[in-house]
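Enquirer: Okay, here's the prediction I keep looking at, along with the sequence it came from:
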Amino acid sequence: MFPSTVYSDRRKKLRAELSGGLVLFLGNQEVPFNYPANTYSFRQDSNFSYFFGLDHPDLAGIMDLDGGFDMIFGNDVDIDDIIWMGVQPTIRDQAALVGVTETAPLKALNELVTGALTQGRKIHFVPPYRGETILWLSDMLGIPHLELKANVSEPLIRAIIRLRMKKEAIEVAEIEKMVDVAWKMHTTGMKMAMPGIVERSIAGTIEGIALSECGPVSFPVILSINGQTLHNHYHGNTLVEGRMLVIDAGCENDLHYASDITRTVPVGGKFNARQKGIYEVVLTANLAAMKAVKPGVPFRDIHMIAATEIAKGLTALGIMKGNPEEAAARGAHTLFFPHGLGHPLGLDVHDLEGLGENLIGYDDEVQRSKEFGLAFLRFGRKLQEGFVMTIEPGIYFIPELIDIWKAENKLAAFINYDVVETYKDFGGIRIEDDVLVTADGFRVLGKPIPKTVEEIEKIMQEI
Ligand code: GLY
Ligand code: MN
Ligand code: MN
């Protein structure tokens, strides 16, 4: 955990952003895997973690904005718990670690909330995302579960976004450590990407690196020779020469800060001419986008820089045609790059997404597009110093999408459908890095992970 003042300072800042009422943060509970006593590995709620730090099930925190105090609710262990889990510090001792002096057993939370409701006080809470929390909140507040979302506190959500989006130096350091573990995961995966290997053997090995070095993976490992499927979790294919292997994987530590990195390598370790051609286009888009990162620049503009580079590169290869700027403006690149350039990264791999994508990524100045492709951009507004973002352009040849566009002759002024047809067996390429927005630009976080054609071919020759 961070020092206690980190958590008390965060709560102080949150308090300064809100005017009155009770702020309620419910920690996560255990979630059954296949029967009640056999649970998934415990993962604390990120907002609870950010403001109250403690990392075990069945805790809640409140901030009484009118009374000016914070309180943690949780139960001390009894002898039955001690037999199974060993001795644990009291809730009071744990609370002191995060700068909280007031504590009470969990059942007292209900009374306190009921009392506040009776007095007509505002209860601020964020959108719940787990069934257990939805039921807990619904029972406690007397709000039918389907109506909880309509009752969340927008002032609280906006205040949390303002705080959590701008990373403190200690948070950046934690993310950076996780990128360093991702370096080991990815370089190991690259070296294993040889013909005859089954995908799951690489996926399992790199997940094992995460578990042995820090904590779990920060999202289920995406690893496939069918990288044209953007989030491919099927790991049963045998690697064959001529395919590219996409590995999109990161990890999180005990504080829950995450990394999220993608690399794509040719099975066998040598790019053929066709692979090299497409790879260099994605790499150019990745680098051009990064170069544009600085405070005040709308992320949507940076997305369009990557889109234009992709249109330029594919035009040079004869896959697209016409004026690349116009092609990108008209959305022709979305046949090959249908997703957004990136997203915030932090305690969540898509940081804060549970609070509502549009509240995080858009504002009055930059509103979400409804156009295919751009609509998938999770974040479009201006960057600020301290934001941590992923930059992850890609090119994919999705046969089903190509067939639909071709049948409609869609944007045919910009696409050489006959040439595209010859790439239907290609797969996909994505290159993803994690960057910090600095005062005057950007910094790529962590130990550099091989990325150029030369670097990848070199490391894949190492045993
Ligand atoms: N790891 C999923 C993503 O890159 O957003
Ligand atoms: Mn990723
Ligand atoms: Mn990502």
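Expert: Okay, I see it. Ligands and ions are numbered 1, 2, ... in the order given.
Enquirer: On the three-state scheme, the residue in the stretch 51-200 of the chain that ligand 2 sits nearest to is what?
Expert: For the stretch 51-200 of the chain and ligand 2, the shortest gap (CB to the ion) falls at Ala182, measuring 9.9 Å. C-beta coordinates here come from the backbone N, C-alpha and C atoms, glycine included. For Ala182, the assignment made with DSSP: H, G, I helix; E, B strand; the rest coil gives helix.
Enquirer: Same question for the one 3 residues further on.
Expert: Going by three-state DSSP, the secondary structure assigned to Met185 is helix.
Enquirer: quick one on the thing from earlier: wait, doesn't the residue of the stretch 51-200 of the chain closest to ligand 2 sit right on Asp433?
Expert: No: using CB atoms under 8 Å, Ala182 is not in contact with Asp433, being 10.0 Å away.
Enquirer: shared neighbours, those two?
Expert: Residues touching both Ala182 and Asp433 (CB atoms under 8 Å, 6 or more residues apart in numbering): 261, 449.
Enquirer: the more surrounded of those two?
Expert: Ala182 (32 against 26; other CB atoms under 10 Å).
Enquirer: Let me know the distance separating that one from Pro128.
Expert: Distance of Ala182 to Pro128, given as CB to CB, to the nearest Å: 30 Å.
Enquirer: quick one: contacts for the residue lying closest to Gly269 once chain neighbours are set aside?
Expert: The shortest distance from Gly269 to any non-neighbouring residue, by CB to CB, 6 or more residues apart in numbering, is to Met460 (3.3 Å). Contact analysis of Met460 by CB under 8 Å, 6+ apart lists 190-191, 193, 265, 268-270.
Enquirer: Need the max-distance pair from those residues.
Expert: Using CB to CB, the contacts of Met460 span at most 13.8 Å, a distance reached by Lys191 and Lys270.
Enquirer: quick one: the closest residue to Lys122 other than its chain neighbours from Phe69, how far?
Expert: In space, and not counting its chain neighbours, Lys122 is closest to Gly21: 3.1 Å by CB to CB, 6+ apart. According to CB to CB, Gly21 stands 14 Å off from Phe69.
Enquirer: The two: who's more crowded?
Expert: Gly21 (19 against 12).
Enquirer: List the contacts of the lowest-mean-pLDDT helix or strand in the chain.
Expert: Ranked by mean pLDDT, DSSP states H and E, the weakest helix or strand in the chain is helix 79-85, scoring a mean of 94. Here helix 79-85 makes contact (CB under 8 Å, 6+ apart) with 77, 88.
Enquirer: list the contacts for His186?
Expert: His186 touches 206, 247, 249, 261, 263, 449-450, counting by CB under 8 Å, 6+ apart.
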